[in-house]
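Trainee: could you work out the structure for the sequence below:
(one chain, ligands or ions: 2)
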Amino acid sequence: MRPRFRPGPQRASRRPAVGLAPAGTALAFEHVGMTFPDGSEVLRDLSLTVGDHDIVALVGASGSGKSTLLRIAAGLTPPTSGTVSAGPGSPALIFQDPTLLPWRTVAGNVGLFAELDGVPRAQRAGLVADALALTGLSGYEHHRPRALSGGMRMRVSLARALTARPALFLLDEPFGALDEITRQRLGDELVRLHLREGFAGLFVTHSVVEAVALARRVGVLSARSGRLVAEVEIPFDYPRTETLRYDAAFGRVARTVSEALKDSFSDRHSKTPDHPSAPDHPSAPGPPGAEHQPGSAGPAGIDDLAGVE
Ligand SMILES: Nc1ncnc2c1ncn2[C@@H]1O[C@H](COP(=O)(O)OP(=O)(O)OP(=O)(O)O)[C@@H](O)[C@H]1O
Ligand SMILES: [Mg+2]
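Mentor: Ligands and ions are numbered 1, 2, ... in the order given. Now for the predicted structure:
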């Protein structure tokens, strides 16, 4: 019997609210606005393009609308104005919570989406083996999630997403709950996977250093008015070295992003009073890793997979 399954946010399917983007574009927001039924305007006239094979990071105060924008990109929430378009196929959604099924092994979790999509067992085994190898999990096939560190659980989540060969990853503070070293390592591995597999990514983070280290471009969301107040090109070629974070040139770019982020807190285009969930002060740029400030990721609940064995 086919297992009972409610698609959670990690298996977003393309909804009518998301149009088909032109060739060369993985994701495009055009003049997107979002006002919730209670009247709160979270996004206003936001335009942003993620090219094929592009990684764009998004930073902004807590409550500035980053997760809302990702939900719109995934087709989970239609915008109230403007349009969103994406390339063919479903995007992969990755959240801070890896949402693994605790009773399944690593291989069972990684193969879950392919299994639910009816991929035959032999083909599935190949997809799982490839994804495990890509994420450094070979040898852990038979472990249960409880026997893994937080970083390894996140690898399982990435591996599971990779089995669908997505052209676009939407990542909402994926490494926000991890220690600094694991976070850096996984970020560098994500870039390595991006270079090898060719997927595009929209990556939400509270860390300016992480944004600059991983992305080709960093967008800064206004704390109050829901606008994109800056887009900063990151001038470093890939593959980037682990030590890039300590270079003076890196510090200068990170400072540009940090200053845009600070300015975003005093954005004068606000229609609404101070955002209730915005902190009083932005995170200071500081040395690499200093602005580690995870927020609420709105993770997919394990309930979304209820009934799957
Ligand atoms: N369904 C909803 N109805 C009304 N307001 C909502 C709804 N969903 C989100 N919001 C509000 O929209 C604002 C933006 O939320 P969102 O989760 O997108 O912020 P965020 O930038 O991801 O924050 P964080 O960095 O803390 O994760 C918040 O003030 C939130 O309360
Ligand atoms: Mg969020």
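
Trainee: centroid-nearest residue for this protein?
Mentor: Central residue of the chain (Cα atoms, centre = their mean): Leu171, 0.9 Å from the mean position.

Trainee: could you pick out the residues of the stretch 51-200 of the chain near ligand 2 for me?
Mentor: Residues of the stretch 51-200 of the chain lying close to ligand 2 by Cβ under 5 Å from the ion are 66-67. For glycine as for every other residue, the C-beta is placed from the backbone atoms N, C-alpha and C.

Trainee: now the helices for this structure?
Mentor: 66-73, 106-110, 112-116, 121-134, 150-162, 180-197, 208-214, 248-264 (DSSP state H).

Trainee: can you redo these as a markdown table with mean neighbour count and mean pLDDT?
Mentor: Formatted as a markdown table, the helices of the chain follow (neighbours: other Cβ atoms under 10 Å; pLDDT from 0 to 100):
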| stretch | mean neighbour count | mean pLDDT |
| --- | --- | --- |
| helix 66-73 | 25 | 97 |
| helix 106-110 | 25 | 98 |
| helix 112-116 | 20 | 95 |
| helix 121-134 | 16 | 95 |
| helix 150-162 | 23 | 96 |
| helix 180-197 | 17 | 93 |
| helix 208-214 | 27 | 97 |
| helix 248-264 | 18 | 96 |
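
Trainee: any low-confidence regions in the stretch 1-150 of the chain?
Mentor: For the stretch 1-150 of the chain, the stretches flagged by pLDDT under 70 are 1-16.

Trainee: start to end distance for stretch 91-104?
Mentor: Start-to-end span of stretch 91-104 (Cα to Cα, to the nearest Å) is 24 Å.

Trainee: from the stretch 51-200 of the chain, which residue is nearest to ligand 2?
Mentor: Relative to ligand 2, the nearest point of the stretch 51-200 of the chain is Ser67 (3.1 Å; Cβ to the ion).

Trainee: pretty sure that residue is touching His206, no?
Mentor: No: here Ser67 does not reach His206: they are 11.8 Å apart, not a contact under Cβ atoms under 8 Å.

Trainee: how near is Ala92 to Ser266?
Mentor: 35 Å (Cβ to Cβ, to the nearest Å).

Trainee: these two: which is more packed in?
Mentor: Legend: neighbour count by other Cβ atoms under 10 Å for Ala92 and Ser266, higher for Ala92 (26 against 11).

Trainee: sorry, back to before: quick one: which of the helices of the chain is nearest ligand 1?
Mentor: helix 66-73 (3.3 Å; Cβ to the nearest ligand atom).
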